[in-house]
Each structure stands twice: as structure tokens, then as C-alpha cells.
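>>> coordinates only, sequence not included:
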């Protein structure tokens, strides 16, 4: 497996006052990962994770969290010319610090030995810890082991679940009238009589003993009607909050099937959730949204979906491949270098990538564009051009499309324009409208196939099953080809799945394939499409609430009647 090479730390001295570490030993950074949302990682945490040689985790989802936060793909298998397979992974080495080789949970001391083993090899070790390293965590014990071993270390605080989870549930821990808050880990050694007053309590590890804890608090003098909220997997899109009272929380938590990890808040502040709940009330909260595009293409769209609470899942429906006959591109690139063109017009990010790859093949760089005017069909394409060190001279001021580009394209002027030819690298399936429009404006076009778009391979069996059985809540179609290709490689989405399309042409294609269109963007843009889906989700949610029904997702076709979950 290809990984980074560990770089020894030669100046490692611990912030805890230990003597300088021996030459060649590594460095340990105890980093708080927060309660679950990758967006809550600190800037310092991200910097250390990028430079880490080894990441010692403690939660099953920590590797996925790191890959997501740093944009690192899962490992890929590459074959060389002899057919030898190599696993390529740009991530640091992940070491499970939660369980040993025998499958048993590691003690604090055993985990410290794992950390020290890698640090002594000269590696930069990030010990990733849930929440905050020094708050109800094994950080202090492991840091003391580093001091004893002469290994340098640092502490990077993380957002604690004790504060973050209530905040994501819409519950402030202090208010003008409630200024005291106490965090308690629920163990059999807690004297609950000490918490009989009206202060706010944040209970950790409370799911199992909640019945005993609630009874003890009532026996100590707390009113049985004291508000209680229990939130499981807080800060993630699987978050569920049950609101109740000390008298009924045990039964209500069982009915809602609340499982650890969960954070419980006891006190009058819980009542503010009714007006301050902001996370679980997002219009697409927890919706599993299928995006038929590659991760590169779906970046902005997926980010906008996440902003509304959805969980986007990209499924490529097309694959970009070189043209069958590369001679046309070779000739055009030579013409570009020789000054044959006045303009080059990029109609997609893929076109920019195709020309750039051809330049690299010839040993050329951006200097070959000297004296050439560059047009981009939209902002995303202009960004791809800028990443090459170039600036687009023309980007549509209105609609970001071929039509919008034509609207702003200047007429050919034989006095001002020394050359009347345009280089147009594009896909094999592109329409002829742009070429025709440029010809009408007096320009000659070298319309060149820079790349081919072919149907992608079918997604994995679990994804195909999820599409057909309605486990996706919505599908977001951005073109007619995404409709045709998704149905071709994975089958038709289930009737319960919400179908959102970018415009009338895509809607028509969807209907031709037997799909019911629920949402259509008011304008042909990714932003408008996601906003329209969010409006649909908000209207659906409001309708359920007004009719007295529980708020469910489209994939929840058989909601359990026993669940008492607040929204």
C-alpha cells in the first residue's frame, strides 16, 4: 500500500514539561474530533491530520470522518503493465485504538502502548479522540504515558458532546434565569442527592441507567415533571431527540429505541427546544439524496444539499474517456500554439481537463495561451481555467449556458479581430447550437471532440437495491442524460422517492421513463434545483405537523406507532 513516509520529529519537547525527546522519536497530538459532525473539527485539527503519518482512532467512524474532512478518497487498486496490483491510498495509516487484535476493547494503558509504539518509530501520530481529549476521555492518562516515555505531545481541544449535542438539539444550557450547569457521567458512584437543586444537568453515558437516575433525582427532591431531553448521535443527520419528564423519560426512551451514544439534559432549559430547535427541523433533515454525478461534478450541489440537512450520495452515471480519434485534437492544439485562433471556448470543466491533459502530453503549459482570448460557459468552468493559472475573458453575464455565452459573444469585426477562428473543444454528444450561433456572428469554428461521455458502470449492488426499493428519499436530476443513464445502469427509482429535475427538458425525459416529477427548478441552475427541493421538503414537513402526524422522510413508509420523537 502506498502511504506517506513517516518523518521523525527532531525537536519534540512536550508541552507538559517533559524533557526533550530523544533524536528520532515522533510526536503525539491528542486531537479532539468533536461529537460526530466533521464540520466541527478545528482548523488546527485539520492541519495536524493532513500532516499525520499515523492516526490512532477510537471510534468506528473516525477513519471515514478523517477522509471526509480532508477529501481523501477510499483506497484504489492500480494495475501496472505486468498486471501487478497495487493498493494506492493517500491517507495516513489508520490504527484502531478502540479494540486489540483479539477483538477486545483496549484499556487506557493498552491504548497508550499503541500510541507510544508508533511515536517511537519516528512517526507524527494523531491520537484522535471523541469529543475533547481532556473532558471525560483517556487523554490525561495517555499524555502522562508520553511524559514518562519522553515523547513530545500537544493537546488540541475538541468540541465536547456535553455542549454541542444540546446545542444541535436546540437546548441552551444556560439562560438569564438558569446560570448553573453541571456535567455528570452516570456511574454507580454518583450521589444524586447533590443535584437536588434546580441547576441544569448534562448526563453522559445515561441511556442504560436512565430509569435509576431519574428515580434517584426525584427521590432527592427534583419534581417528577422536570423536563428532560435525550439526544442520540447528536450533530449527525441521524440525530433523534426525545423530550419527556423525569417521571416518563425511561419509558419514552425505550419506546423511541434510543441507543448509545446519547446526551441527556435535565432542567427547565429543555422547554426552549420547542422554539429553538434548528437542526432537526431543516427541510431535508436526514434525507438520503441520490446525486447522479461524480464527486468532482457534484461538489457544490452536494454541499448545498448538506446545508439543508440532507445526506447526499454521488453515483456517477457517465464516464469521461478520450476521443476515439485523437488526431483532431492534436491538430487543434498545434494550431493553437501556432496562433491559428483568436478564441478558445470551454463549454465544460471536462473540456478544460481534456485540453490540459493534451498540453501535458506535448510538454506545454499555460504560456501557450499567450495572445488568445478565453471564453467559459459558466463560473465552474471559469474556476477550472483559473486553477490552470489563466483568466477567462468572457463568462456569460446572464444564463450560464451555451445560449448565455452566445448572448454575450461579440460579432466578428474584420478590423479589430486579426483572426476569425474559434477553437471549440467539447463532448462528442454536444449540440450544434453554439457552433451555429458563432457562425451567424461571423466566426469560423473548429468544432473538436475533446472527450467522449459514455455510460458509467453500474453502482454497487446495495446502491442499486436502495434505488429500486425506496431507501433514497430523493433523486436530483441535473440533465436528461442523468435520467437515461441512471435508469440504464441502476433501474427506476421507487415510486416513494421524490424526483427533482433541473428543467422542462429533464422533466420530459423523466416522465418518458415512467417517473413522476415532484420538483422542478424555477431556473436551470444547481442552486435553484436544491432550493426548490428544500421548499418541497419544508412544505411537506409543515403539512405533516398541521395534520398531527409525525414528521417522517419519504423513505419512512412504515413508521412505528410506538415512537415518541419530538421534532
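Arrived safely, thanks for sending. Please read these numbers as outputs of a predicted model, since none were measured by experiment. Numbers count the residues shown, from 1 in each chain.

>>> Grab the most central residue of this protein for me.
residue 68 (5.9 Å; CA atoms, centre = their mean).

>>> Now do the same for residue 424: helix, strand or coil?
Judged by DSSP: H, G, I helix; E, B strand; the rest coil, the three-state class of residue 424 is strand.

>>> pLDDT wise, what is it at?
pLDDT, residue 424: 92.

>>> Distance check, it against residue 445.
Relative to residue 445, residue 424 is positioned 5 Å away (criterion: CB to CB, to the nearest Å). Quick note: C-beta positions are derived from backbone N, CA and C, even for glycine.

>>> higher neighbour count, these two?
Neighbours were counted for residue 424 and for residue 445 using other CB atoms under 10 Å; residue 424 has more, 23 against 20.

>>> Who are the contact partners of that one?
344-345, 347, 434-435, 438, 445-448 (CB atoms under 8 Å, 6 or more residues apart in numbering).

>>> now, which of the residues you listed sits nearest residue 215?
Comparing the contacts of residue 424 against residue 215 with CB to CB places residue 347 closest, at 68.6 Å.

>>> was I right about that closest one contacting residue 380?
No: counting by CB atoms under 8 Å, residue 347 stays clear of residue 380, with 11.3 Å between them.

>>> who wins for neighbours among the contacts of residue 424?
Counting neighbours by other CB under 10 Å, the top entry in the contacts of residue 424 is residue 345, with 27 neighbours.

>>> Run me through the strand neighbours of the strand or helix carrying that residue, direction for each.
Applying DSSP states H and E as the criterion places residue 345 in strand 343-346. When pairing is defined by DSSP bridges, strand 343-346 lines up against strand 373-376 (parallel), strand 421-427 (parallel).

>>> what comes up buried for the last one?
Using 16 or more other CB atoms under 10 Å as the burial criterion, the residues of strand 421-427 that qualify are 422-427.

>>> could I get the residues you listed as CSV with distance to residue 355?
Shown next, in CSV, are the buried residues of strand 421-427 (distance: CB to CB, whole Å):
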residue, distance to residue 355
422, 14
423, 9
424, 11
425, 5
426, 10
427, 13
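
>>> what lines up beside the lengthiest strand in the chain in the sheet?
Scanning the chain for the longest strand, with DSSP state E as the assignment, gives strand 444-455. Strands that pair with strand 444-455, judged by DSSP bridges, come out as strand 318-321 (antiparallel), strand 421-427 (parallel).

>>> Would you pull up how far that strand lies from the middle of the chain?
32 Å (CA atoms, centre = their mean, to the nearest Å).

>>> Chain neighbours aside, what residue packs nearest to residue 398?
Sequence neighbours aside, residue 404 is the residue nearest to residue 398 in space, at 5.0 Å (criterion: CB to CB, 6 or more residues apart in numbering).

>>> cool, residue 386 as well?
Excluding the flanking residues, the one nearest residue 386 by CB to CB, 6+ apart is residue 392, at 7.6 Å.

>>> Ok, residue 278 next?
residue 170 (5.6 Å).

>>> contacting residues for the residue nearest to the residue nearest to the centre of the chain when sequence neighbours are not counted?
Among residues not flanking residue 68 along the chain, residue 38 sits closest, at 5.0 Å (CB to CB, 6+ apart). Contact analysis of residue 38 by CB under 8 Å, 6+ apart lists 65, 68-69.

>>> got a list of what the closest residue to residue 221 other than its chain neighbours touches?
Counting by CB to CB, 6+ apart, residue 196 is the residue found nearest to residue 221 once chain neighbours are left out, at 4.0 Å. Applying CB under 8 Å, 6+ apart to residue 196 gives the contacts 217, 220-222.

>>> any idea which helix or strand carries residue 350?
Secondary structure (DSSP H and E) places residue 350 in helix 349-362.

>>> how about that helix: buried residues?
Buried, per 16+ other CB under 10 Å, within helix 349-362: 349-356, 358-359.

>>> for stretch 323-339, same thing?
323, 329, 332-333, 336.

>>> Now do the longest helix belonging to the chain: distance to the chain's middle.
Taking DSSP state H as the criterion, the chain has its longest helix at helix 526-546. Chain-centre distance of helix 526-546: 21 Å, with CA atoms, centre = their mean.

>>> do stretch 146-162 as well
For stretch 146-162, the distance to the chain centre is 27 Å (CA atoms, centre = their mean).

>>> for it, how far is the first residue from the last?
27 Å (CA to CA, to the nearest Å).

>>> ok, now stretch 311-326?
OK, stretch 311-326 end separation, CA to CA: 40 Å.

>>> Any chance of the strands paired with strand 444-455 in TSV with distance to residue 74 as columns?
Below are those laid out as TSV (distance: least, CB to CB, whole Å):
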stretch	distance to residue 74
strand 318-321	18
strand 421-427	28
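
>>> For the stretch 451-567 of the chain, which segments are assigned as strands?
Taking DSSP state E, counting those that start in this stretch as the criterion, the stretch 451-567 of the chain contains strands spanning 474-477, 498-501, 519-520.

>>> go on, the stretch 1-150 of the chain?
27-32, 54-57, 76-79, 85-88, 93-96, 124-129.

>>> quick one: which of those strands has the weakest pLDDT on average?
strand 76-79 (a mean of 65).

>>> Next, count neighbours for the residue nearest to residue 398.
With other CB under 10 Å as criterion, residue 404 counts 16.

>>> domains in the chain, as residue ranges please.
27-159, 163-276, 288-317+457-546, 321-455 (automatic domain parsing).

>>> Turn those domains into TSV, including distance to residue 553.
Formatted as TSV, the domains of the chain follow (distance: least, CB to CB, whole Å):
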stretch	distance to residue 553
domain 27-159	19
domain 163-276	11
domain 288-317+457-546	5
domain 321-455	30
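
>>> now for these, which one comes closest to residue 282?
The nearest among the domains of the chain, by CB to CB, is domain 288-317+457-546 at 3.1 Å.

>>> What's the mean pLDDT across the closest one?
Averaging pLDDT along domain 288-317+457-546 yields 92.

>>> related to what we said a few turns ago, mind giving me the packing neighbours of the helix holding residue 350?
Here helix 349-362 touches helix 327-337, strand 343-346, helix 379-386, strand 421-427, strand 444-455, going by 3 or more CB pairs under 8 Å, 6 or more residues apart in numbering; DSSP states H and E.
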